[in-house]
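# pasting the sequence and the predicted coordinates here, then a few questions.
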Amino acid sequence: MRVLFLGTGDIGLPALEWLLRHHEVAAVVTQPDKPVGRKQTLTPPPTKCLALAHGVPVLQPRRIREPASVAELAAFAPEVLVVMAYGQILPKAVLDLPTLACLNLHASLLPAHRGAAPIQAAILAGERETGVAVMWMDEGLDTGDVLLARSLPIRRRETGGTLHDRLATLAPEALAEALDLLAQGASPRTPQQADGATYAPKLSRESGVIDWHAPAREIDRRVRAMNPWPAASTRLPDPAGGPSRVLKVFSVISFRHAGGEPGTVLRADKRGILVAAGEGAVLLRDVQLEGKRRMHVRDFLSGHHIAAGTRLG
């Protein structure tokens, strides 16, 4: 099939790689290059790099709904649009371009976790499974009929990063089956049930802030969901009386039973920093202090003394 692929994040790379091997990718549409890192180096999206490596044209409209952008896409005469983590809402003029279908690969089992951060939302909710849904796109936000879905279990110590990679690997399998059904003229359309719909908004740095009054199990989920970005975080007071600094937390162990006011350090030793939660406590194991590198808490404590009774947050 003649396909236009719309995607920006690296979660879409395996699906794009599969399309490049098995179909005619007329062009890749992605977001404009953006500044990255402390030096704000202008960096292309990973999908652009992959497309150029295969000699595929790349379009980077700032606003895909502009008439000039729509005309540019229309010139490729696509049979199918395949969308995964593109980053802009498609207008009807774009949805109407393909002769067969406009399909979105969404990293959740719809209608759960529509929106920008379904992977983290599934972990935060304590769910046991998630997956990739192939959806017929409409003008709503992930509201279209579902063509098919493929699921996988969420592992006990799953992080946002590991689940992202597993779902990225699952996506080509779901896409292959969906395009086979489309070619056969046997593609189902299952309407989403509105009463099961939830929304996963875009993440910000504030999404990772730890609420120490939450139960330990919920803090554990937040730490895992926000790893690697934006990372769970709290504030560490300066024992000398200076301003507090952000302490990112990448790994914890939760305990059901412990006493103390939420956010209070109960002990700090080579095993970790034990902090009281609203219910139970969490042991911080892998941290990064503002301006420093990420390290095991044992190495962190060799250079930073944290006394019992210190209040975080």
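Thanks, I have it.
# state the mean pLDDT of stretch 171-179.
For stretch 171-179, mean pLDDT is 98.
# give me the contact list for that stretch.
Under the criterion Cβ atoms under 8 Å, 6 or more residues apart in numbering, residues 1, 11-12, 14-15, 17-19, 22-23, 80, 82, 84, 103, 105, 107, 132-134, 147-150, 187 lie in contact with stretch 171-179. Every C-beta, even on glycine, is put in place using the N, C-alpha and C of the backbone.
# which of those fall within strands?
Val80, Val82, Met84, Leu103, Leu105, Val132, Ala133, Val134, Leu147, Leu148, Ala149, Arg150 (DSSP state E).
# neighbours of the first one, how many?
When you say that, I think you mean Val80. Val80 has 23 neighbouring residues, counting by other Cβ atoms under 10 Å.
# any idea how far Ala174 is from it?
Going from Val80 to Ala174 by Cβ to Cβ, to the nearest Å gives 14 Å.
# the third one too?
Look at Met84 and Ala174: by Cβ to Cβ, they are 10 Å apart.
# so who does Phe76 touch?
Arg2, Leu4, Ala26, Ala27, Pro57.
# make it 6 Å
Leu4, Ala26, Ala27 (Cβ atoms under 6 Å, 6 or more residues apart in numbering).
# now swap in Ala276 and tell me
Ala258, Gly260, Pro262, Thr264, Leu266.
# per the annotation, how does the chain divide into domains?
Using automatic domain parsing, the domain parsing of the chain gives 2-200, 205-301.
# redo those as JSON lines? Include distance to Gly309.
Below are the domains of the chain laid out as JSON lines (distance: least, Cβ to Cβ, whole Å):
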{"stretch": "domain 2-200", "distance to Gly309": "30"}
{"stretch": "domain 205-301", "distance to Gly309": "6"}
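# quick one, strands of the stretch 201-313 of the chain?
Under the criterion DSSP state E, counting those that start in this stretch, the stretch 201-313 of the chain contains strands at 232-236, 245-255, 265-269, 272-276, 281-289, 295-296.
# list the contacts of the fifth one.
Outside strand 281-289, the residues within contact range by Cβ under 6 Å, 6+ apart are 216, 219, 247-255, 258, 272-275, 294, 297, 300.
# select only the buried ones of the residues you listed in PyMOL?
In PyMOL syntax, the buried subset of the contacts of strand 281-289 is picked out as below (16 or more other Cβ atoms under 10 Å):
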select buried, resi 216+219+247+248+249+250+251+252+254+255+258+272+273+274+275+297+300
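# who's in contact with Lys48?
Residues in contact with Lys48, defined by Cβ under 6 Å, 6+ apart, are Thr30, Val58.
# mind redoing it with 7 Å?
Taking Cβ atoms under 7 Å, 6 or more residues apart in numbering, we find Lys48 in contact with Val28, Thr30, Val58.
# what's the helix or strand harbouring the first one packed up against?
Looking back up the chat, that one is Val28. Assigned by DSSP states H and E, Val28 belongs to strand 24-29. Secondary-structure packing of strand 24-29 (3 or more Cβ pairs under 7 Å, 6 or more residues apart in numbering; DSSP states H and E): strand 2-7, helix 46-53, strand 58-59.
# give me the residues contacting the first one.
Same thing as strand 2-7. Strand 2-7 is contacted from outside by 16, 19, 23-30, 47, 73, 76-86, using Cβ under 7 Å, 6+ apart.
# same deal with the shortest one?
Counting contacts by Cβ under 7 Å, 6+ apart, the residues outside strand 58-59 that touch it are Ala27, Val28, Val29, Thr30, Lys48, Ala51, Leu52, Glu72, Leu73.
# work out the gap between it and the centre of the chain.
Strand 58-59 sits 23 Å away from the centroid of its parent chain (Cα atoms, centre = their mean, to the nearest Å).
# Arg293: neighbour count?
Arg293 sits with 8 neighbouring residues when counted by other Cβ under 10 Å.
# roughly how far apart are it and Val287?
10 Å.
# still on that earlier bit, just the buried residues of the contacts of stretch 171-179.
Applying 16+ other Cβ under 10 Å to those flags 1, 11-12, 14-15, 18-19, 23, 80, 82, 84, 103, 105, 107, 132-134, 147-150, 187 as buried.
# just to revisit the earlier point, let me have the helices and strands packed on strand 24-29 in JSON lines, extended by distance to Pro111 and mean pLDDT.
Formatted as JSON lines, the helices and strands packed on strand 24-29 follow (distance: least, Cβ to Cβ, whole Å; pLDDT from 0 to 100):
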{"stretch": "strand 2-7", "distance to Pro111": "22", "mean pLDDT": "98"}
{"stretch": "helix 46-53", "distance to Pro111": "27", "mean pLDDT": "98"}
{"stretch": "strand 58-59", "distance to Pro111": "31", "mean pLDDT": "98"}
